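1. here you go, sequence then predicted model.
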Amino acid sequence: MIKNIKESKIVIPAFIILLFSYFIIFQGFFPNSQGRLGHDYYYFFSRLIAGFYWFKTNGLTALPYFTPALCAGNVFYTDPQNLYFSLPQFLTFAMNPLDAVRITFFTFAATGLIGTYLLMRKVFLCGVYASLLAAAFFLFNGFYAYRIIIGHLTYHGFMLIPLISFFLLWNKKATNIRFISDIAYSLLSALLFSYILYSGGVHIIIPGILTIIAGALIYGIYGEADNLKPLILRAFLFLLFTFSFSFSKISACLHTITNLPRSGYPIAVFEFKDALIVLFKSLFFKAVEWEEIEALISNTSIPLSRHEFEFGVTPLVLILIIIGAVNFFFKYKKNNNLKENDNRKLYAIILVFIFLIPLCLNTYIPGLYDLFKTIPIIKNSVTLVRWYSFYILPVILLGVIGADRLKISNKLKFCSAFIFISIIIIANGVSDKSYYHNQNFIPSRALRVYDYAAQNNYIPPIKHASDQIRTKHNTLKGDDILIGFGVSNIECYEALFGYKHEFFPQKNKLYPASIYALKEGYFNMTNPACYTFPNANSCKPGDNFTVYQHKELRNFASYKPFKFKLPIIQKIANKISFISLSWAILFLMYFAGELILTGYKKKGNARERSENKSLN
């Protein structure tokens, strides 16, 4: 998409420098200086290994609704945070989880860099230097880097948002038929957004949608077109395709959270003034610490650590926003366009309203708080501070686009971009990262479990339910190590069950023993189909396998599909997702062929005109 040779000579070296700097600054956290990883990798490494076990046993032909590896029988694909269909999981089919995480981290960082550059250059028609500056700001945003470092692996899809916005807003007719182009770009954006859903990015879905809407409004304000009506068709197709691609996942997860509601925790909130101060500090300066806000926040179930407030885009973005806003005001006051152009004023009003949503969600407002506690996903949260991630891309767009509209020379723009990018890199390099160097998850145990299975081509079936295993030398505990010994941890770490297993249904039915031990007609392992589809299977969440389900239990414990019933809606959802994804692949293949043919025709026409000109 960078056709200009002169531009590519600037952009490609800049990308290399930025990504190399990013690698130098952050590669030291995989693992950190103490040979450890962020604490939440304890949660994800065991699940990546469980997904690897399933793949080695079944390939990609069977859907892993559930897993025996954790909690003596647990949800898997039907868990909103499950990432079986994701790059890090697919990479574990060929390499260990640590290498998979490393590659995922830097791959999606690069995707965010390229996506932001394309969005700025092709959609907002900014200059090369401004586009590179915006891309650098987004690449080094604190939210992505430190969330992945701490172990929130399902947040990696956040870096797809600029690319999704690019495909939705790029106003280019790639073929002779405009409708074909609209379908293709809507498909690409929907596939990328569906990836976020399938990779467990449930907590960034709504902030991501708000970001995309804000980007479209900024396009209406600052872009070349002041009328967004042509985007309505593409937006409709995007929503339709995203829903059809993700219907299987959405349906399965809604079934799970309906039957495993974790709505007993209050949502942490601030007074509006304090919510605004926390946002301002965390977005433009350094992440606030728990000690700074402990007295300001209400309804906290647990202390909120530093990584919850990492959003930083540096004060440079704030400076650019002020400069751009002043320039925008005087420009339109001079031309009197603010009064004449009602569309831009309307878009600005809607944009302000959208900017208030994450702030309101983090503010205690009587009535609204009770409403939020009825909304799926939101009601299961203990904090919505993560929704502040919405502001990252819009403030970068507002700052850099506004500054790019200044009438200054290219030489000055180059110097400004060079200085700002240098400051971004240096600021990230020297910032205090001691909190992340002091994380405590030791990955070596999980890597040994993975390596043994990969090298010996042996997947240990689950035989016992317990919270530990005794060896000749010591006693081992933890999800990540027990599954390698054929033990499913009763005291597992599962977000759906609460921080202290407050919402673990019928946990008292499980006890340290063989999973085939019988008690009152039940085996010692939960039938996880009862967590997600209890009505279809005539059971209650937390029910164990019955004495009549010995074959099902044996298959389940060996990471094989077992017999259970799906509700009709889930069967329909599975078929719609499969058919729509298959159709999308075929259509994009056709679209790619059209692009190739169109390119050949243009070259042929150009050659013919050149020959005719030489004859004349």
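-> In hand now; what should we look at?

2. contacts only, for residue 58.
-> Counting by C-beta atoms under 8 Å, 6 or more residues apart in numbering, residue 58 touches 64, 559-561. In short, each C-beta sits where N, CA and C put it, glycine included.

3. which single one of those is nearest to residue 257?
-> Using C-beta to C-beta, residue 64 comes nearest to residue 257 of the contacts of residue 58, at 18.3 Å.

4. helix or strand: which one has the nearest residue to that closest one once chain neighbours are set aside?
-> Leaving aside its sequence neighbours, residue 64 sits nearest to residue 54 (C-beta to C-beta, 6 or more residues apart in numbering; 4.5 Å). Following DSSP states H and E, one finds residue 54 within helix 41-58.

5. next structured bit after that helix?
-> As the chain continues past helix 41-58, the following element, by DSSP H and E, is strand 66-67.

6. nearest the geometric middle of this protein, what residue?
-> residue 157 (3.0 Å; C-alpha atoms, centre = their mean).

7. surely that one forms part of a strand?
-> No - under DSSP: H, G, I helix; E, B strand; the rest coil, residue 157 sits outside any strand and is assigned helix.

8. I'd say it and residue 198 touch.
-> No - applying C-beta atoms under 8 Å, one finds residue 157 not in contact with residue 198, separated by 9.0 Å.

9. look up phi and psi at residue 126.
-> In terms of degrees, to the nearest 10, the main-chain angles of residue 126 are phi -80, psi 160.

10. please name the residues that touch it.
-> By C-beta under 8 Å, 6+ apart, the contact list for residue 126 reads 120, 134, 400-401, 404.

11. pLDDT at it, what is it?
-> Residue 126 carries a pLDDT score of 93 in this model.

12. same check on the one 4 residues further on?
-> In the prediction, the pLDDT value recorded for residue 130 is 95.

13. dump the residue contacts of it.
-> Residue 130 makes contact with 120, 400-401, 403-404, 413, 417, according to C-beta under 8 Å, 6+ apart.

14. do you know how far it is from residue 527?
-> The gap separating residue 130 from residue 527 is 57 Å, by C-beta to C-beta, to the nearest Å.

15. what's the answer for residue 343, then?
-> As judged by C-beta to C-beta, residue 343 and residue 527 stand 57 Å apart.

16. who has more neighbours, these two?
-> residue 527 (25 against 14; other C-beta atoms under 10 Å).

17. what about the more buried one, distance to residue 534?
-> Distance of residue 527 to residue 534, given as C-beta to C-beta: 10 Å.

18. overlap in contacts, those two.
-> Joint contacts of residue 527 and residue 534 (C-beta under 8 Å, 6+ apart) are residue 543.

19. ok so, going back, residues contacting the closest residue in space to the residue nearest to the centre of the chain that isn't next to it in sequence?
-> Nearest non-adjacent residue to residue 157, counting by C-beta to C-beta, 6+ apart: residue 196, 3.6 Å away. Listed by C-beta under 8 Å, 6+ apart, the contact partners of residue 196 are 157-158, 160, 204-205, 208.

20. try 7 Å this time
-> Applying C-beta atoms under 7 Å, 6 or more residues apart in numbering to residue 196 gives the contacts 157, 160, 204-205, 208.

21. in this structure, where's the longest strand?
-> Criterion DSSP state E: the longest strand present in the chain is strand 522-526.

22. show me which helix or strand of this protein is least confident by mean pLDDT.
-> When the helices and strands of the chain are scored by mean pLDDT, DSSP states H and E, helix 337-340 comes last with a mean of 54.

23. tell me which residues are up against the next helix or strand after that one.
-> Following helix 337-340 in sequence order, the next helix or strand is helix 342-361 (DSSP H and E). Applying C-beta under 7 Å, 6+ apart, the contact partners of helix 342-361 are 207, 210, 213-214, 217-218, 220-221, 226-227, 272, 275-276, 279, 338, 368, 372, 384, 387-388, 390.

24. buried sites along the helix or strand hosting residue 280?
-> For residue 280, the element it lies in under DSSP H and E is helix 272-284. For helix 272-284, burial by neighbour count (16 or more other C-beta atoms under 10 Å) applies to 274-275, 277-279, 281-284.

25. how about stretch 443-453?
-> 443, 445-447, 449-450, 453.

26. and what of stretch 463-479?
-> Under the neighbour-count criterion of 16+ other C-beta under 10 Å, stretch 463-479 has 464-467, 469, 476, 478-479 buried.
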